[in-house]
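[1] this one's sequence-less:
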Ligand code: NAP
Ligand code: COA
């Protein structure tokens, strides 16, 4: 399932963390929908490999090395996009860090590191992109990647849960402040997305893969293309009246499990 090849024609998109996982999935879908791409993160080699693949698809694409914890570097990434492609219509704040450790064992620097990347990084993206998004002829789009875990409490990931909850609050405020500028501000909340660093760290390495799978009504992990399709929709003309939304793409997971993550035992009838 894909969108038409002109669904994002004429748009320029900057995706942080666009060289891997969900961010790269969004970049590929945007390329297929006609957007010009700037992908930004720390690992230059990986970014260049991703740019080569996007160019093979026929897209215009470039990489910018950037640590989202550095507001000046984020600003420079936006400036690079505007200089290269004449503007910026879409900003996707996707870069994040996460690892499993209990709050009692978490060092203060571990907490600060994740909050810096996820929450502060998202704010720096918003602030740097605002003037260009306001000038977009298509109506600017600012999307942050969140998670429904931010609404529950997330044993093992206190830092990421708090940061993502902060992001969701920030996005509601930006929705209120930037509607007058035509900028749509939405979050996409992925469930567990297979073949990603996130699922490897949070569920596979910690031995919780089967438990997680059992809590998903649709029965499988999602694909990066599932998140990418949601992003194309929100950034296309079809998403023009949507702002302030949390688009949950999780196979129903958030509707079917308790906050402790304990799945119900199977009954005979269910087997
Ligand atoms: P991933 O491939 O590890 O993506 C994280 C990206 O962020 C990487 O490309 C990384 O690139 C970049 N990054 C990390 N720290 C950075 C920094 N300080 N500055 C700039 N870039 C930085 O993992 P993923 O699973 O696809 O996660 C992508 C997003 O989806 C995250 O926001 C995550 O919280 C969210 N999410 C994922 C899942 C899932 O199931 N995977 C579920 C819910 C939400 P460099 O190493 O090159 O910097
Ligand atoms: N368990 C406990 N603490 C950990 C940890 C783990 N698995 N990984 C890192 N930390 C701690 C470090 O010990 C350090 O704290 P300290 O100074 O008190 O020892 C702090 O976190 C920062 O670690 P550092 O390695 O210096 O950070 P970094 O800036 O180089 O890397 C991370 C950032 C730690 C988030 C790294 O995992 C990363 O780059 N992640 C990006 C990819 C990712 O997380 N993808 C999944 C997205 S859902």
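    In hand now; what should we look at? Remember, predicted model here, so these are calculated numbers, not experimental data. Ligands and ions are numbered 1, 2, ... in the order given.
[2] residue of the stretch 51-200 of the chain nearest ligand 1, please.
    At 2.5 Å from ligand 1, residue 198 is the closest residue in the stretch 51-200 of the chain, using C-beta to the nearest ligand atom. Yep, even glycine has a C-beta here, placed from its N, CA and C like the rest.
[3] contacting residues for that residue?
    21, 22, 96, 98, 192 (C-beta atoms under 8 Å, 6 or more residues apart in numbering).
[4] could you flag which of the residues you listed are buried?
    Buried by 16 or more other C-beta atoms under 10 Å: 21, 22, 96, 98, 192, out of the contacts of residue 198.
[5] quick one: the closest residue to the first one other than its chain neighbours from ligand 2, how far?
    Looking back up the chat, that one is residue 21. Closest residue to residue 21 apart from its sequence neighbours, by C-beta to C-beta, 6 or more residues apart in numbering: residue 196 at 4.2 Å. Using C-beta to the nearest ligand atom, to the nearest Å, residue 196 is found at 7 Å from ligand 2.
[6] ok, now residue 25?
    13 Å.
[7] isn't there a strand covering that residue?
    No - read with DSSP: H, G, I helix; E, B strand; the rest coil, residue 25 is helix and lies in no strand.
[8] out of the buried ones among the contacts of residue 198, which are inside helices?
    Secondary structure from DSSP state H places 21, 22 of the buried ones among the contacts of residue 198 in helices.
[9] and the strands in this structure?
    Using DSSP state E, the strands of the chain run over residues 12-16, 36-41, 61-65, 90-93, 141-145, 184-190, 246-249.
[10] redo these as a markdown table? Include mean neighbour count and distance to residue 168.
    As requested, the strands of the chain are exported to a markdown table (neighbours: other C-beta atoms under 10 Å; distance: least, C-beta to C-beta, whole Å):
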| stretch | mean neighbour count | distance to residue 168 |
| --- | --- | --- |
| strand 12-16 | 28 | 17 |
| strand 36-41 | 28 | 22 |
| strand 61-65 | 21 | 26 |
| strand 90-93 | 30 | 12 |
| strand 141-145 | 27 | 8 |
| strand 184-190 | 25 | 6 |
| strand 246-249 | 18 | 7 |
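[11] for those strands, which one sits closest to residue 256?
    strand 246-249 (12.2 Å; C-beta to C-beta).
[12] quick one: the closest one to chain centroid distance?
    Its chain's average C-alpha position is 11 Å from that of strand 246-249, according to C-alpha atoms, centre = their mean, to the nearest Å.
[13] stretch 25-45 too?
    With C-alpha atoms, centre = their mean, you get 12 Å for stretch 25-45.
[14] equivalent analysis for stretch 173-182, please.
    Distance, centroid of stretch 173-182 to centroid of chain: 20 Å (C-alpha atoms, centre = their mean).
[15] buried stuff in it?
    174, 175, 178, 182.
[16] repeat that for stretch 107-120.
    111, 114, 115, 116, 117, 118, 119, 120.
[17] so which of these reach ligand 2?
    Among the buried residues of stretch 107-120, the ones lying near ligand 2 by C-beta under 6 Å from any ligand atom are residue 114.
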